[in-house]
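K.L.:
Make a model of this:
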Amino acid sequence: MTPEENKQLILAELDRLYPQPKPELHFTNPYETLVAVMLSAQCTDKQVNKVTPAVFARFPDVKSMAEADVAELYPLVKSCGFKSKASNIIAACRMILAEDGGEVPHTMEALTRLPGVGRKTAQRLAYHIVGMDEERVRELAVAIFEGKKKVHLCPVCGNYTDGEKCPICADASRRRDIVCVVRDPRDVNAFERMRDYNGLYHVLHGVISPMDGVGPDDIRIRELLSRLAEGEIQEVVLATNPDVEGEATAAYISRLIKPMGIRVTRIAHGVPVGGELEYTDEITLMRAFQGRREV
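P.N.:
All right, here's what the predicted structure looks like:
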């Protein structure tokens, strides 16, 4: 017996003694497969199959999942793991909606940049898409290309749109005297889910970060000042992230706007709903205390 034949016999015996369980996930829709595979990390396929019918009935596509809240999704999937899974699934769908036109990417490189998707999960998804029939792959590729080709920045606010203006800027019922300044289009989606803000937005597409070589001229501050010069906006809400770059950007914009006589406000920062003071860091507690209000 040759060494190669001996090797094959050993491998065959190992397969017989220790058979590898075959995947039990049976989803043909790339979106459903993405959700199911993300849930299956440290969870059995059988359990995933139990919870996903209710998940897909409530959130049938990428858009509906992107608009979901963790508090809505987690009760449906908590038997599959920690709350972070629900958070990662929603974050992944928001990124797909913002950057891929709502179509699930089909390469490992594209998939691994999604929140909660490592190389193993991406590999599983990539193999699924590769295994799709040629016509469906062609449809997927065309949809991604057409989505990318049609989507552009709104000339007013800088949000993504496939029309002349984004739906928010084109909505005559929105307040025109207040604008919320955010870092990127994903932040617009976050505020829209709140359903309590009826003003306009301005998307910077970045923040000031000298370490990364990003200065004021590299983000859409000039376009914001041009909008303010028209005289209709009376308040600017600075809603960049409460990190070093976000705070620096907010401070810089505030210094530019205040001489124009326009009210400048900053979103409040503090202890999150459901949080415990014992585990809250000192800076967050300080900001929460400074932002206290009368009840």
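K.L.:
Now do the contacts for Lys78.
P.N.:
Ala86 (C-beta atoms under 8 Å, 6 or more residues apart in numbering). Any C-beta I mention is one placed from the backbone N, CA and C, and that applies to glycine too.
K.L.:
State the three-state secondary structure for it.
P.N.:
helix (DSSP: H, G, I helix; E, B strand; the rest coil).
K.L.:
swap in Ser64?
P.N.:
Going by three-state DSSP: Ser64 is helix.
K.L.:
And the pLDDT at it?
P.N.:
Looking at Ser64, its pLDDT is 91.
K.L.:
Neighbours of the residue nearest to it when sequence neighbours are not counted, how many?
P.N.:
Nearest non-adjacent residue to Ser64, counting by C-beta to C-beta, 6 or more residues apart in numbering: Arg58, 7.9 Å away. Per other C-beta atoms under 10 Å, the neighbour tally for Arg58 reads 13.
K.L.:
can I assume Arg58 is in contact with Glu72?
P.N.:
Yes. Arg58 lies in contact with Glu72 (C-beta atoms under 8 Å); the separation is 7.4 Å.
K.L.:
what is in contact with the two at once?
P.N.:
Contacts common to Arg58 and Glu72, judged by C-beta under 8 Å, 6+ apart, are absent.
K.L.:
Now for this protein, the helix or strand with the poorest mean pLDDT.
P.N.:
Every helix and strand of the chain was ranked by mean pLDDT, DSSP states H and E. The lowest is helix 108-111, at a mean of 55.
K.L.:
where in the stretch 151-295 of the chain is pLDDT low?
P.N.:
Scanning the stretch 151-295 of the chain for pLDDT under 70 picks out the ranges 295.
K.L.:
Show me where it has its helices.
P.N.:
Ranges of helices within the stretch 151-295 of the chain are 167-170, 185-194, 221-229, 244-257, 282-290, based on DSSP state H, counting those that start in this stretch.
K.L.:
Please identify which of those helices is closest to Leu153.
P.N.:
helix 185-194 (9.0 Å; C-beta to C-beta).
K.L.:
what sits up against the closest one?
P.N.:
66-67, 69, 94-95, 97-98, 159-160, 168, 180, 182, 197, 201, 203, 239.
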